[in-house]
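Q: just the structure for this:
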Amino acid sequence: MAKLGTWEVFRFALNGGDRDSVLMLARIYSCPQRCRVASKNLLWQSLRRINAVRRGLLNMLWLTEARLRGLELGDRIILNGRPCLQRHVGSRITLADGVCLNSSLRSNPLGCSQPVMLRTLRLGAEIILGRGVGLSSNSVCAALRIHIGEGTFVGAGAMIFDNDFHAPVDEWTWGDAAPDNPKPVIIGRGVFIGARAIILKGVTIGDRAIVGAGAVVTKDVPARSIVAGNPARMVSEAK
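A: Coordinates of the predicted model:
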């Protein structure tokens, strides 16, 4: 009975002594097996609540870091895990309302092998994430402009670049990152980009298009179409 009394106090503390708590305690007293099941349920409930508080506090911490790094943030942004944010002086990274960045291992069903990377490479570059955009373990690097439209989801491990990073110099060497050859990447609204796809410079993807997992997109994708493969080719029109 002493153990049940402890759970009774715990249950009342969690639920404010409401009617449902009293009824559950009555069932606990009437059946030992129910007591064990209810005790386990109470433990899981408490752990979930503690974890929710932990995630909320960490989200506030990562948002504060983002603001200190000069990002422009909307409301209700969710950062599951710490993203890697690198903004070049004189450039912009904008996250609109409701953007979600999944960087922690368990924040995506496929798992996140790395944090979300948002990086501008030089003066005047822009990364703009529209309202409700979702990224998971993605790399987005801009030397000119990358715009991802409202409601677009980008699958785990996909990469989006608007430049070639390095160009050959002399006989056997390579130049600095992001030479003077970037081309903007524009991704429309409600697009779905599959896991580990690669979107290369100069590409425009129309609204409601679907890019298959692992595709390498080198050319424009019409609105409401489905592309897949390397290089990506149209498979069919999306409904």
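
Q: so what's the residue nearest the centre of the chain closest to, chain neighbours aside?
A: What sits nearest the mean C-alpha location of the chain, by Cα atoms, centre = their mean, is residue 101, with 2.6 Å. Leaving aside its chain neighbours, residue 101 sits nearest to residue 116 (4.4 Å; criterion: Cβ to Cβ, 6 or more residues apart in numbering). Any C-beta I mention is one placed from the backbone N, CA and C, and that applies to glycine too.

Q: what about that neighbour, distance to residue 48?
A: Distance, residue 116 to residue 48, by Cβ to Cβ, to the nearest Å: 25 Å.

Q: list the contacts for the residue nearest to residue 101?
A: By Cβ atoms under 8 Å, 6 or more residues apart in numbering, the residues touching residue 116 are 83-84, 101-103, 135-140.

Q: helix, strand or coil for residue 106?
A: Classification of residue 106 by DSSP: H, G, I helix; E, B strand; the rest coil places it in helix.

Q: need the longest helix for the chain.
A: Longest helix of the chain, by residue count under DSSP state H: helix 32-68.

Q: determine the next helix or strand in the C-terminal direction from that helix.
A: Per DSSP states H and E, the first helix or strand lying C-terminal to helix 32-68 is strand 72-73.

Q: outside of that following strand itself, list whatever touches it.
A: 63, 66-67, 92-95.

Q: what about the helices in this protein?
A: Using DSSP H, helices in the chain cover 2-15, 19-30, 32-68.

Q: now the second one: mean pLDDT?
A: Spelled out, that is helix 19-30. Helix 19-30 comes out with an average pLDDT of 56.

Q: repeat that for the first one.
A: The pLDDT scores in helix 2-15 average 49.

Q: for the protein, what helix or strand is lowest in average pLDDT?
A: Across the helices and strands of the chain, mean pLDDT, DSSP states H and E gives its lowest value to helix 2-15, namely a mean of 49.
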